[in-house]
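> sharing a model prediction with you, sequence too.
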Amino acid sequence: MNDISNHSKPWSPSAPPKAGKPLDQGGDPPSLRSQVGPILFLTSIFFLNFLARVIMAPLMPSIEKDLGLSHGGAGSFFFLISVGYFIALTGAGFISSRLTHRKTIVVSAITCGCAILAIALSANLLGISAGLLFLGVASGIYLPSGIAMITSVVSSKHWGKALAIHELAPNLGLIGAPLISEALLSWMTWREVLILLAVICLVAGLAFWRFGRGGKFPGKDPSFGALKILLGERSIWIMIALFSIGVSATMGIYAMLPLYLIVERGMEQRRANTFIALSRVPGIGMSFLAGWATDRFGSRHTLACILLLTGLFTILLGCTVGPWLILIIFLQPMLAGSFFPAGFAALALASPRSVRDTAVSFTIPFAFLVGGGAVPIWIGIMGDAGVFSIGITAVGGMVLTGFFLAFYLKFPDGRKDESAL
């Protein structure tokens, strides 16, 4: 899935910077090619940040068995991470405005490592729960600073390409988490897998502190005046609902899909995690197709079509058995992941120009709290009742409501969804 949030723009074409200095210090905008190394370095940090949040899903069957958890208890793991992520993302500006973006990224990577280590070494659920909440906070402060750094090391004419490279990280994380888990679980316990990931995060944070480039400027404190403007926009509330639906169909389903396939559909764990990993690969190409459709048909119509198809295939995911289930495992995430290009385009149109950045920072945390936190708990509770399939089917029904909500979007400032037919 694609993550994005509020970011600073330290350079503007209208005020040419002085030659001989880095872009974030008022210098000439460097070429994209010259900055591929720093961008890939930052993308690797983002990959570890995202992997830390999603690796619990493929590890969950082993964690459940070891700790004697209920399926609802397993779902609460993702809720705790989402609560921490919600808190951090909404308040990330307070931290980056005091530390600078570069130091914020270092703190995020190192504290992610410490949080994962605390989870792995905790002997009871209270310690694990505290570690999960801390992990959500640690990972949540990364995103605004990561995007600010990307836009500080390359010229604005290369931002789209640079951010596309950066956004490979969550997609690779969804693919890599099941494959990495299965490769390591054959000769490690789930706790040892987390310890290894924690060490890698700590090393990456220290390496970025020593070798990372750019980001030596502070972020911006959140604007409460902008928030007040947003609260009065009906379309913003619709976008919060739509993004909650979009995250539910992606992260919410992903979090509990291994348990569903293993416990209710009787699939062997290695096979289930392999299918889940491979099913995320086509989604990378589908995101580009969804972006084209948004430009061609408009964000409103594209969103409605995507949510209609995603809802239907999510319902089928809960109802289908046998060989057809494998096909649905591949089709559902491919369609669900297509939501975000159209979703962010609609959010930009729905937001007054003066508060567009704040709109993203306001919308995404709520969406992750609902879709990435509450939905996994719901599916887990249904699993405890022996009806995992009903839990997933109900999520599909919720996604279908987004088809109707999309047509209620109204864009302020006289702006129209120009590409809509």
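Cool, the structure landed.

> tell me how many other residues surround residue 404.
Neighbours of residue 404 under the rule other CB atoms under 10 Å: 11. All C-beta atoms are positioned from the backbone trio N, CA, C, and that covers glycine.

> so which strand or helix has it?
Using DSSP states H and E, residue 404 maps to helix 388-405.

> again with residue 241
Here residue 241 sits within helix 234-247, counting by DSSP H and E.

> in terms of secondary structure, what does the helix or strand just after that helix contact?
Proceeding N to C from helix 234-247, the next assigned helix or strand is helix 253-259, under DSSP H and E. When contacts are defined as 3 or more CB pairs under 8 Å, 6 or more residues apart in numbering; DSSP states H and E, helix 253-259 packs onto helix 56-67, helix 71-99, helix 269-279, helix 323-336, helix 375-384, helix 388-405.

> kindly recompute the last result at 6 Å.
Counting contacts by 3 or more CB pairs under 6 Å, 6 or more residues apart in numbering; DSSP states H and E, helix 253-259 packs against helix 56-67, helix 375-384.

> list the buried residues for the last one?
Residues of helix 375-384 classed as buried: 375-383 (neighbour count, 16 or more other CB atoms under 10 Å).

> nearest to residue 316, of those?
Distance to residue 316 across those (CB to CB) is lowest for residue 379, with 15.8 Å.

> go ahead and confirm that closest one touches residue 256.
Yes. Applying CB atoms under 6 Å as the test, residue 379 and residue 256 come out as touching, 4.3 Å apart.

> how far off centre is stretch 113-128?
A distance of 22 Å separates the centroid of the chain from that of stretch 113-128, by CA atoms, centre = their mean, to the nearest Å.

> gap between the two ends of it?
End-to-end span of stretch 113-128 (CA to CA, to the nearest Å): 14 Å.

> any idea of the mean pLDDT for it?
Per-residue pLDDT over stretch 113-128 has a mean of 93.

> and what of stretch 206-222?
Across stretch 206-222, pLDDT averages out at 77.

> how far does that stretch sit from the chain's center?
Centroid separation between stretch 206-222 and its chain, computed with CA atoms, centre = their mean, is 21 Å.

> sorry, back to before: tilt between the helix holding residue 404 and helix 375-384?
With axes from the mean of the first three to the mean of the last three CA atoms, to 10 degrees as the basis, helix 388-405 and helix 375-384 are set at 140 degrees to each other.

> want to throw the buried residues of helix 375-384 into JSON lines with distance to residue 106 and pLDDT?
Converted to JSON lines, the buried residues of helix 375-384 look like this (distance: CB to CB, whole Å; pLDDT from 0 to 100):
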{"residue": "375", "distance to residue 106": "32", "pLDDT": "93"}
{"residue": "376", "distance to residue 106": "30", "pLDDT": "91"}
{"residue": "377", "distance to residue 106": "33", "pLDDT": "91"}
{"residue": "378", "distance to residue 106": "36", "pLDDT": "93"}
{"residue": "379", "distance to residue 106": "36", "pLDDT": "92"}
{"residue": "380", "distance to residue 106": "35", "pLDDT": "90"}
{"residue": "381", "distance to residue 106": "39", "pLDDT": "92"}
{"residue": "382", "distance to residue 106": "41", "pLDDT": "91"}
{"residue": "383", "distance to residue 106": "39", "pLDDT": "90"}
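
> relative to residue 193, which of those is nearest.
Nearest to residue 193 among the buried residues of helix 375-384 is residue 376, at 20.0 Å by CB to CB.

> which residues touch the closest one?
Each residue near residue 376 by CB atoms under 6 Å, 6 or more residues apart in numbering is listed here: 75, 78, 252, 255-256.

> of those residues, closest to residue 90?
Nearest to residue 90 among the contacts of residue 376: residue 78, at 18.4 Å, using CB to CB.

> in contact with the closest one: list those residues for me.
Shown in contact with residue 78 (CB under 6 Å, 6+ apart): 255, 373, 376.

> again, only using 7 Å
For residue 78, the contact set (CB atoms under 7 Å, 6 or more residues apart in numbering) comprises 56, 255, 372-373, 376.

> isn't residue 407 right up against residue 304?
Yes. With contact defined as CB atoms under 7 Å, residue 407 counts as touching residue 304 (6.3 Å).

> more neighbours: those two, which one.
More crowded of residue 407 and residue 304, by other CB under 10 Å: residue 304, with 20 against 11.

> element containing that one?
Going by DSSP H and E, residue 304 is part of helix 299-319.

> three-state assignment of residue 188?
coil (DSSP: H, G, I helix; E, B strand; the rest coil).

> now name the helix or strand holding the nearest residue in space to it that is not next to it in sequence.
Setting aside the residues directly before and after it, residue 188 is nearest to residue 196 in space (CB to CB, 6 or more residues apart in numbering), at 7.4 Å. Following DSSP H and E, one finds residue 196 within helix 190-211.

> for that helix, packing partners?
helix 36-54, helix 56-67, helix 101-121, helix 168-185 (3 or more CB pairs under 7 Å, 6 or more residues apart in numbering; DSSP states H and E).

> winner for burial among those?
helix 101-121 (a mean of 23; mean count of other CB atoms under 10 Å).

> tell me, how many residues neighbour residue 186?
Residues near residue 186, counting by other CB under 10 Å: 8.

> quick one on the thing from earlier: which other residues reach the helix holding residue 241?
230, 303, 307, 339-340, 343, 346-347, 350-351, 359, 363-364, 366-368, 370-372, 398-399, 402, 405-406, 408-411.
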